[in-house]
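Asks: Can you look at this prediction? I've put the sequence above it.
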Amino acid sequence: MESLFDILLIPMGFILRIAYTITDNYLLAIMLFTLVMEILLLPLGIKQQKNQVKQATFAPKVAAIKKKYAGRNDQATQQKMQNEIMEMYREENFNPAGGCGTLIIQLPIILALFNVVTNPLRYICNMPTAEITALTTALGDKVPATSHYPQYNLINYLHTTDISQYYNHAPSLENIMLPDFTIGSIDLSQNPSFKPLNWLVIIPILTFVVMIASQYIMKKFTYQSPENEAAQNNMSMKIMTWTMPLLSVYFEFQMPAVIGVYWVFRNILSTLQRILLAKLIPTPKYTEEDFKEAERQANMSNKQKKREMKENGEKKFVRSLHYIDDEEYLARHAEDLKGEVTNVPSAKKETKLGPAPMKDEGKNHPEDKGNTENSEK
């Protein structure tokens, strides 16, 4: 293992190598590889979705706290409001930054995926880095050195020559299967270009369309807290919405088209995953009464809350309409919900029935009566 990062790269390269062995087509192998990796990353997506759903359950309370401080924009008041919101999160055992951890874990994995796709000799053919360097030196000017992804040029050249002459420089060449990047007459190892014009320019255009559509769908199916939603609607974020797809198009003209295919397919799968999780684990919906109740509680003093609890014998909570927090809710407020018969499901008590009486059991037979009288005497 040549670097610590290879802990991720080598297993991913193995998956891509298996995908290519199964399909014998590099384009299909990239699609199959991306699908497998998205499935492996699905648990992280589920965890992130659950964190968003849990944050959404506190929306009425957050809105009530913000309304209490509405109209006061001085720094001290805003800081007090934020402290009150964070205190509420602490009481509910929720970390609003919990979803960031999932994203941080995903980032190196995504970078590793890109590294695997852009270094086919190293991670698909499993050729040691030292041999790749020696092979590059041996080929010299025969392979263009202008590309940022030279391994594609190396593979293309090796397909057109007798590779046995390079066994001394790279002994593993004798036992590896070099991937073929051509689909019919189209070579996916080439860069998209307008001069000369080639069919590969479709891939950057498709990337732009898919990324714009993906951002729109992601925003629609991802819960946004009020502050995040306001940040999303400002001018700088709107500019970023168009800047990132345009940058992707620019970079795709500088790299082999097969990498653009990977980007397109991964964006499509990520979007489908987001839609699926949003349907299976939806964020809760609240009525106007829920927000009014949360606002009433936010404006109550601690003495008023204690008095209300004493008078009613129970504490009113703004409860999620979503099933995901039912167990957590019951665990936190078990004492308060003892009296709730309609809202708290209760398990049916099992009652064990005794054996049924015999047909004549319990009747006073004449002989029994006689025995009783004799015993009394």
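Replies: Now that the structure is in, tell me what you want to look at.

Asks: CA atoms only for stretch 12-25 - export them in CSV, please.
Replies: Below are the C-alpha coordinates for stretch 12-25, written out as CSV (Å, rounded to 0.1, in the frame of the first residue of the first chain):
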residue,chain,number,x,y,z
MET,A,12,-12.9,1.0,-5.1
GLY,A,13,-10.5,0.1,-8.0
PHE,A,14,-11.3,-3.5,-7.3
ILE,A,15,-15.0,-2.9,-7.7
LEU,A,16,-14.5,-1.0,-10.9
ARG,A,17,-12.2,-3.8,-12.2
ILE,A,18,-14.9,-6.4,-11.5
ALA,A,19,-17.5,-4.2,-13.2
TYR,A,20,-15.4,-4.0,-16.3
THR,A,21,-14.8,-7.8,-16.2
ILE,A,22,-18.6,-8.3,-16.1
THR,A,23,-19.6,-5.8,-18.7
ASP,A,24,-16.5,-5.8,-21.0
ASN,A,25,-17.5,-2.2,-21.8
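
Asks: List the contacts of it.
Replies: Residues outside stretch 12-25 that contact it (Cβ atoms under 8 Å, 6 or more residues apart in numbering) are 26, 28-30, 32-33, 36-37, 112-113, 116-117, 122-126, 177, 179, 183. (Each C-beta comes from the backbone N, C-alpha and C, glycine too.)

Asks: Give me the buried subset of those residues.
Replies: When the contacts of stretch 12-25 are checked for burial by 16 or more other Cβ atoms under 10 Å, the buried set is 26, 29-30, 32-33, 37, 112-113, 116-117, 122-125, 179.

Asks: that older thread, looking at the contacts of stretch 12-25, which are in strands?
Replies: Judged by DSSP state E, these include I183 as members of strands.

Asks: what about E92, neighbour count?
Replies: Neighbour count of E92, defined by other Cβ atoms under 10 Å: 15.

Asks: That should have said M211, apologies.
Replies: For M211, using other Cβ under 10 Å, the count is 22.

Asks: Could I get the pLDDT score of it?
Replies: pLDDT, M211: 92.

Asks: go on, G354?
Replies: What the model reports as pLDDT for G354 is 50.

Asks: got the residue ranges for the helices in the stretch 1-150 of the chain?
Replies: 6-23, 26-40, 42-56, 59-68, 75-91, 98-118, 120-123, 129-139, 150-159 (DSSP state H, counting those that start in this stretch).

Asks: what does the fifth one rub up against?
Replies: Surrounding helix 75-91, the residues in contact under the criterion Cβ under 8 Å, 6+ apart are F58, K61, V62, I65, K66, K68, Y69, R72, N95, P96.

Asks: and the helices of the stretch 1-150 of the chain as CSV, adding distance to E288 and mean pLDDT?
Replies: CSV is the format used below for those (distance: least, Cβ to Cβ, whole Å; pLDDT from 0 to 100):
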stretch, distance to E288, mean pLDDT
helix 6-23, 49, 87
helix 26-40, 39, 90
helix 42-56, 16, 87
helix 59-68, 10, 84
helix 75-91, 21, 87
helix 98-118, 28, 78
helix 120-123, 56, 88
helix 129-139, 63, 90
helix 150-159, 59, 88
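
Asks: In a markdown table: those helices, plus distance to E252.
Replies: Output for these, formatted as a markdown table (distance: least, Cβ to Cβ, whole Å):
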| stretch | distance to E252 |
| --- | --- |
| helix 6-23 | 20 |
| helix 26-40 | 14 |
| helix 42-56 | 26 |
| helix 59-68 | 39 |
| helix 75-91 | 42 |
| helix 98-118 | 13 |
| helix 120-123 | 18 |
| helix 129-139 | 24 |
| helix 150-159 | 14 |
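
Asks: Which of these has the highest mean neighbour count?
Replies: Comparing these by mean neighbour count (mean count of other Cβ atoms under 10 Å), helix 120-123 ranks first with a mean of 24.

Asks: Kindly export it (C-alpha atoms) in PDB.
Replies: These are the backbone C-alpha positions of helix 120-123, laid out as PDB (Å, rounded to 0.1, in the frame of the first residue of the first chain):
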ATOM      1  CA  PRO A 120      -7.300   3.500 -14.600                       C
ATOM      2  CA  LEU A 121      -3.800   1.900 -14.900                       C
ATOM      3  CA  ARG A 122      -3.300   2.200 -11.100                       C
ATOM      4  CA  TYR A 123      -6.700   1.200  -9.800                       C
END
